[in-house]
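Q: Build me a model from this:
(2 chains)
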Amino acid sequence: MVFEGLADKLQQTFKKLRGRGKLSENDINDAMREVRVALLEADVNFKVAKDFIAQIKSRATGQEILQSLTPGQHVVKIVNEELTALLGGTQSRITISSRPPTVVMLVGLQGAGKTTTAGKLASLLKKQNKRPLLVAGDIYRPAAIKQLQVLGEQLQIPVFAKEDSRDPVAIAKAAVEHAISYANDVVIIDTAGRLHINETLMQELKSIKQTVKPHEIMLVVDAMTGQDAVTVADSFNQELGIDGIILTKLDGDARGGAALSIKAVTGRPIKFVGMGEKLDALEPFHPDRMASRILGMGDILSLIEKAETTINLEQAKELEKKLRRQEFTLDDFLDQLRQVRKMGSMEQILGMLPGMGNMKKLQDAKIDEKELVRVEAIICSMTKKERRDPSIINGSRRKRISLGSGTKVQDVNRLLKQFTEAKKMMKRFQEMQKSGKKGGFKLPFM
Amino acid sequence: MGFFDRLKTGLEKTRKNFTDKIDQLISGYATIDSEFLEDLEAVLLSADIGIQTTNKLMASINTGIRAKEIRNPDELRPYLKTKIEEMLLKNVPEVDVSTEPPRVVLVIGVNGVGKTTTIGKLGNFYREKGETVLLAAGDTFRAAAIEQLEIWGKRIGVDVIKQATGSDPAAVAFDAVQAAKARKVDTLIIDTAGRLHTKTNLMEELKKINRVISREIPGAPHEILLVLDATTGQNAISQAKLFSAAAPVTGVVLTKLDGTAKGGVVVSIGGELGLPVLWIGVGEGITDLRPFDPREFADALFGDK
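A: The predicted structure is shown next:
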């Protein structure tokens, strides 16, 4: 209930209008109220949300929406477009100085994920053939230096630390000198987490800035941050001046409305997003995907991209041919299963689908990962002949397969039934395509 | 400084931001009209109270207006205070002191909310009460998390049970429980790795830790504390829901409340989830963890200057 997609809600709002020819100003106002709730639930700052609504309202009350046959979808489309534009339109990259070393400084509140992000960023740059140096500038939190050193070890990236020093400014200065003499072309300075209202610590950041003159000051922000994101970003920007934003912990279910708030208040671009605990889980920021996410519309693009990187293209073509000739066998079924599983857990994949972001629905339809393992075992216990032609599987074969896979005969039966159903469905798709009815798969928000 | 004053100081920023806005609002309007109510709604929303709870509060304010309990903007403040207090008071738990030692406290939450720091402060709290305390370094995942807890252990003069980074956290919990029993300590506090509530496998791991503890001591863990960051917005609700599904959370620790504009999450959590807030973190010092008292909190929030 809490996190229902905007598309669903607008659909409901407009449903009651069915049968009436036109939308009135009031109907649009109702829709805007829903948009507002969606934005607020996503933690977009209320002021930012207000301005934003005012902005899209003018477009929504225009001709295009009133004459649209599917006003709900149309409103979502407008909101999505405007949101994308507001989030930055295109990707922005990290500034690399023509005179190395490029100095990057990471700042933010406690627990935003600065140290981990420093490691991830260094790893990303290393892959781009840079020679990064990590600098342990957080002398306050217990074991923060150690944490960075461990990360450096894992990534095979040098870490500059002075355990006995109590002066982050001196550490930063010495680190840059170190980088010059060791030919490190990027210096990433981790700093202590701090409250933006803490004068002393802010002053320390300013001193570091003055001393090492960083090319990029990146504000690291937790995607789960609420209304306060605006205050935090604004004061960091006012006091220190920031060049870019890194949004962390986006692999959870936070809608990340903070991104919009921060962008709107500081005008600075979001450059990267942290997508997981592994050290390669730092990705470039895609405004369009973020827009869909804020609106609770899933992340179909990321899914497609993920599928592209994990699914072998040739295999896919081969499969398509088989589908055409209707030669889809249990072997292919198994291949498919394995490829899908390579993309991540079923829940992760479902979470990216539009309309599936709905927590409640997801919980109800919880997919048992073990079930997939069982299916795999059953197919593997069949002979090659059986896999090609399941129709020969009789009672005694079923018994053998169930024994071989450690499952029950009922499980085998269920799988065979599912397979037959899947085949039937594919046949239907074939016929649909033949008869020229294209686009049976249209996305709900397009 | 007494407790009340410390709480007030800690919440200074929250209070300033929140009540100043309400005060401004009240002095700016002579009568209650729709514009006033709209602005009031904005104030509540900006405090992260969340749209659902805000709607509830606004509805009850409207009822109050109709019932002539609120006749002008001046009467709004006490009315709102009572309402928020009610939402917070609803879930005050009964403290079970009868359990035989060791009392096991499991601390869970997403990444970066301040679990390890909270454990350090919590350990100190029990130490000062004269109890014997043992900590368990159950965060075997994050780099240097064990070291961080050890530093806290040294600071407050308490032993830390640990294994190597990467080992099974349930095994650490098992060891810790055995050690706690053998040493007859009063309170055992177990740290866990930060985990996003949407990661099924990690939630399963949490269930396992919980299982292992309750197998060794029936009825344990006696407390499962969910640590939430006060800067978190509406996602806190999702966190509380999913963590509760994995392990029976007994209460919430709200950290980092010494920043700006953050009273709201508490109201949301009380009002929408019925989970009691037990502790609040109001600073970086070792003693900056305070038991949460709804009445005093509401008082501090709406306190007279």
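Q: Count the residues that sit near A:E34.
A: A:E34 has 22 neighbours, counted by other C-beta atoms under 10 Å in any protein chain shown. Using the backbone N, CA and C atoms, a C-beta is placed for each residue, glycine as well.
Q: what's the answer for the one 10 residues further on, then?
A: Applying other C-beta under 10 Å, we find 29 other residues in the vicinity of A:V44.
Q: So it is in contact with A:G257, correct?
A: Yes: counting by C-beta atoms under 8 Å, A:V44 does reach A:G257; the two are 3.6 Å apart.
Q: Check what pLDDT B:G157 gets.
A: B:G157 carries a pLDDT value of 93.
Q: Check B:E223 too.
A: 92.
Q: What separation do you get for it and chain A?
A: 22 Å (C-beta to the nearest C-beta, to the nearest Å).
Q: how about the nearest residue to that residue, chain neighbours excluded?
A: Nearest residue to B:E223 in three dimensions, chain neighbours excluded: B:V105, at 4.5 Å (C-beta to C-beta, 6 or more residues apart in numbering or on different chains).
Q: Helix or strand: which one has that neighbour?
A: strand B:103-108 (DSSP states H and E).
Q: after that strand comes which helix or strand?
A: Following strand B:103-108 in sequence, per DSSP H and E, is helix B:115-128.
Q: need the residues of the stretch 51-200 of chain B near chain A, please.
A: B:51-52, B:110-114, B:141-145, B:147-148, B:150-152, B:165, B:196-200 (C-beta under 8 Å from any C-beta of the partner chain).
Q: Now intersect these with the strands, please.
A: Using DSSP state E, the subset of these located in strands is empty.
Q: what's around A:D185, how many residues?
A: 18.
Q: what does B:K181 give?
A: Close neighbours of B:K181, defined as other C-beta under 10 Å, add up to 14.
Q: Determine the three-state secondary structure at it.
A: Following DSSP: H, G, I helix; E, B strand; the rest coil, we place B:K181 in the helix state.
Q: how much space between it and chain A?
A: Going from B:K181 to chain A by C-beta to the nearest C-beta gives 28 Å.
Q: ok so A:V273 is a strand residue?
A: Yes: applying three-state DSSP, one finds A:V273 inside a strand.
Q: looking at it, B:V113 is touching B:L226, isn't it?
A: No: using C-beta under 8 Å, B:V113 makes no contact with B:L226, being 9.0 Å away.
Q: for the chain, which spans come out with low pLDDT?
A: In the absence of a named chain, this looks at chain A. Along chain A, segments meeting pLDDT under 70 span A:1-23, A:62-73, A:89-91, A:297-320, A:322-326, A:340-369, A:426, A:428-446.
Q: actually chain B
A: B:1-30, B:90-99, B:260-263, B:296-305.
Q: Which parts of it are helices?
A: For chain B, the helices defined by DSSP state H occupy B:3-10, B:12-28, B:34-46, B:51-66, B:76-89, B:115-128, B:145-156, B:169-183, B:200-216, B:235-246, B:264-268, B:294-302.
Q: follow-up on the earlier one: need the overlap of contacts for A:V44 and A:G257.
A: A:I294 (C-beta atoms under 8 Å, 6 or more residues apart in numbering or on different chains).
Q: Dump the C-alpha coordinates for stretch B:76-86 into PDB.
A: Output in PDB follows, covering the C-alpha atoms of stretch B:76-86 (Å, rounded to 0.1, in the frame of the first residue of the first chain):
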ATOM      1  CA  LEU B  76      -3.200  24.600  17.400                       C
ATOM      2  CA  ARG B  77       0.100  24.000  19.100                       C
ATOM      3  CA  PRO B  78      -1.100  22.200  22.200                       C
ATOM      4  CA  TYR B  79      -3.600  20.300  20.100                       C
ATOM      5  CA  LEU B  80      -0.900  19.100  17.700                       C
ATOM      6  CA  LYS B  81       1.400  18.300  20.600                       C
ATOM      7  CA  THR B  82      -1.200  16.100  22.300                       C
ATOM      8  CA  LYS B  83      -1.900  14.300  19.000                       C
ATOM      9  CA  ILE B  84       1.700  13.500  18.300                       C
ATOM     10  CA  GLU B  85       2.300  12.500  21.900                       C
ATOM     11  CA  GLU B  86      -0.600  10.100  21.600                       C
END
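Q: Perfect, I'm done here.
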